[in-house]
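**Student:** Sequence first, predicted coordinates after that:
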Amino acid sequence: MTHREPTGAISVAGLTKSYGGHTVLDGLDLFVPEGGVFALLGSNGAGKTTTVRILSTLLPFDSGTVTVAGHDLPGSAQAVRGSISVTGQYAAVDKLLTGRENLALMGELNHLGRRESRRRAAELLDRFALTDVADQRTETYSGGMRRRLDLAMSLVANPKVVFLDEPTTGLDPRSRRDMWTVIRELVASGVTIFLTTQYLDEADELADRIAVIDGGRIVAEGTADELKRLVHGGHMELQFTDPAQLARAAGALPGSVARPETLTVEVPTDGSIASLRALLDRIDDDISVEKFALHTPDLDDVFFALTGSPRDADAPTTKAAAR
């Protein structure tokens with residue numbers, strides 16, 4: 001059987017963009033296969049928003065090659081616009097209109113005609129669990145409901161590629177989970193999702209592939225598991241009942257770090273069975289371990305290791321709080 005390379009929904013090579021003397025994108029390379037979720041992670045100012053604006057035809061670029069949904073930029077910008085949709089972190093719905101009216105209006109703006117616009121509106125209201133509130137003004141909707149409606153509006157014209165720019169910013173945990181379910185359903189229907197997010201747990205949960213951008217370049221790309229294997233930091237945490245046991249364990253475990261304030265010892269490990277078995281073999285029978293926990297590198301560790309970004313408000317976070 002002949003192996004075929006996956007078709008690219010987005011292909012970018014050597015992309016550059018500068019403002020005056022400030023370089024924002026410095027030879028960016030990206031390949032996004034069709035289908036699935038591709039997440040772009042980076043601190044504020046790393047180039048995420050500029051990349052999305054270029055790919056969605058909202059911003060010209062200086063040099064490089066860009067293909068989106070099979071169309072080249074800048075020459076086929078109109079064709080690209082007909083194949084994509086963009087949903088930002090703030091729902092762009094008309095609060096004076098009902099959900100049904102918002103969707104029908106979007107259909108007519110996309111030249112679907114009145115009858116087809118109404119049919120498509122009903123279909124999307126059902127798909128996004130908004131039928132019960134379809135004829136209520138959207139000013140009465142919750143934040144999560146408005147975000148779902150906003151995403152539904154972006155799908156009226158059946159785009160091939162959907163750009164989601166921080167789609168769950170400001171949502172409560174339940175609404176975030178609901179949005180994740182919607183995104184998975186979109187992917188199952190064949191849509192390609194290009195996701196930018198400030199939430200590392202969101203990328204870990206949703207993305208098939210993740211790229212980390214820093215200084216206008218992609219510094220790492222792969223699945224979440226592949227990226228986690230790039231950094232060290234895995235350790236076993238052992239907790240004890242008294243300082244004497246803590247001291248004996250620390251002496252028996254080379255490379256360990258004792259933390260008297262919590263009566264714990266941290267021992268480096270790669271998380272493999274062989275590593276854990278060797279660690280347990282070093283513990284004498286008369287050393288009593290109260291409990292233990294295995295800590296492996298997560299996307300936080302990957303991000304901070306690759307970008308050198310401090311753990312502050314400018315860096316992606318695992319917390320579901322609004323910026």
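**Tutor:** The structure has been received and is ready for your questions.
**Student:** mind checking pLDDT for residue 55?
**Tutor:** With respect to pLDDT, residue 55 has a value of 96.
**Student:** how about the strands of the stretch 51-200 of the chain, start to end?
**Tutor:** 63-68, 71-73, 84-87, 161-165, 192-196 (DSSP state E, counting those that start in this stretch).
**Student:** Of those, which shows the lowest average pLDDT?
**Tutor:** Taking the mean pLDDT of the strands of the stretch 51-200 of the chain, strand 84-87 comes last: a mean of 88.
**Student:** What helices and strands are in contact with it?
**Tutor:** Where contact means 3 or more Cβ pairs under 8 Å, 6 or more residues apart in numbering; DSSP states H and E, strand 84-87 is packed against helix 143-154, strand 161-165. Every C-beta, even on glycine, is put in place using the N, C-alpha and C of the backbone.
**Student:** What pairs with that strand, parallel or antiparallel?
**Tutor:** Using DSSP bridges, the strands paired with strand 84-87 are strand 161-165 (parallel).
**Student:** Show me which positions of the strand it pairs with end up buried.
**Tutor:** Across strand 161-165, burial judged by 16 or more other Cβ atoms under 10 Å covers 161, 162, 163, 164, 165.
**Student:** Dump the residues you listed into a markdown table; add distance to residue 71 as well.
**Tutor:** Below are these laid out as a markdown table (distance: Cβ to Cβ, whole Å):
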| residue | distance to residue 71 |
| --- | --- |
| 161 | 10 |
| 162 | 16 |
| 163 | 15 |
| 164 | 20 |
| 165 | 21 |
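**Student:** Closest one to residue 44 out of the residues you listed, please.
**Tutor:** residue 165 (12.8 Å; Cβ to Cβ).
**Student:** Can you name the residues that contact that closest one?
**Tutor:** Residue 165 makes contacts with 49, 52, 86, 87, 88, 89, 196, as judged by Cβ atoms under 8 Å, 6 or more residues apart in numbering.
**Student:** Could you find the closest non-adjacent residue to the fourth one?
**Tutor:** Closest residue to residue 87 in three dimensions, ignoring its sequence neighbours and counting by Cβ to Cβ, 6 or more residues apart in numbering: residue 154, at 4.8 Å.
**Student:** Distance check, that neighbour against residue 200.
**Tutor:** Note on residue 154: its distance to residue 200, by Cβ to Cβ, to the nearest Å, is 24 Å.
**Student:** who has more neighbours, those two?
**Tutor:** Higher neighbour count among residue 154 and residue 200: residue 200, with 24 against 20, using other Cβ atoms under 10 Å.
**Student:** pLDDT below threshold where in this structure?
**Tutor:** Applying pLDDT under 70 to the chain flags the ranges 1-7, 89-91, 232-233, 270-271, 284-285, 308-323.
**Student:** Just the residues contacting stretch 50-69, thanks.
**Tutor:** Applying Cβ under 8 Å, 6+ apart, the external contacts of stretch 50-69 come out as 8-18, 24-25, 27-28, 30, 40, 72-74, 77, 79-81, 83-84, 86, 160-161, 163, 165, 194, 196, 213.
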